[in-house]
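J.: give me a model of this one.
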Amino acid sequence: MAERIGIASEVYGRLERGHMLPSIQTFRRLCTVLSISADEALGLKPVQDVKWANEPPSDYGESAELRRLMRRAKQLDRTSIRILSVLAAQFKPRS
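T.: Residues are numbered from 1 along each chain as shown. You can find the predicted model right below:
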């Protein structure tokens, strides 16, 4: 197998025993030689069965400023979050 995918037998042995991961190129050659898809080799289901694959990212359509604010808010303690919430309630939404 090592010869068929173009790597040293020692390297293939380490891959087989789980002591290292293949490069992308080696992984692709391995899948080709074994006649399996990368998804099969990784134990993944087809993409259409994965619910989150068809959903937009959580910050889809949000401004950079809002994403930055959310990152900062996630680092706050409970009391600081309450204060931030009270402050935010004082602002009128833009029309």
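J.: which helix or strand in the chain has the lowest average pLDDT?
T.: Within the chain, confidence by mean pLDDT, DSSP states H and E is lowest for helix 64-74 among all helices and strands, at a mean of 84.
J.: so after that helix, what's the next helix or strand?
T.: Along the chain past helix 64-74, the next helix or strand (assigned with DSSP states H and E) turns out to be helix 78-90.
J.: can you list the residues that contact that next one?
T.: Under the contact criterion Cβ atoms under 8 Å, 6 or more residues apart in numbering, helix 78-90 has outside partners 73, 76. C-beta here means a position set from N, CA and C on the backbone, and glycine is covered the same way.
J.: picking up where we left off before, so how far is the least confident helix or strand of the chain from its chain's centroid?
T.: With Cα atoms, centre = their mean, to the nearest Å as the basis, helix 64-74 stands 20 Å off its chain's centre.
J.: renumber starting at 42 from here on
T.: Okay, residue one is now 42; in that scheme the one you just asked about reads as helix 105-115.
J.: can you give me the angle it makes with helix 119-131?
T.: Relative orientation of helix 105-115 with respect to helix 119-131: 150 degrees, computed using axes from the mean of the first three to the mean of the last three Cα atoms, to 10 degrees.
J.: buried ones in helix 105-115?
T.: Neighbour counts using 16 or more other Cβ atoms under 10 Å place no residue of helix 105-115 among the buried ones.
J.: could you say what helices and strands that helix packs with?
T.: Helix 105-115 is packed against no helix or strand, with contacts defined by 3 or more Cβ pairs under 8 Å, 6 or more residues apart in numbering; DSSP states H and E.
J.: just the pLDDT for Glu51.
T.: The confidence metric pLDDT takes the value 92 at Glu51.
J.: likewise the one 10 residues further on?
T.: In this prediction, Met61 carries a pLDDT score of 92.
J.: ok, now Ser104?
T.: 78.
J.: quick one, phi/psi of it?
T.: Here the main-chain torsion angles of Ser104 (degrees, to the nearest 10) amount to phi -70, psi 160.
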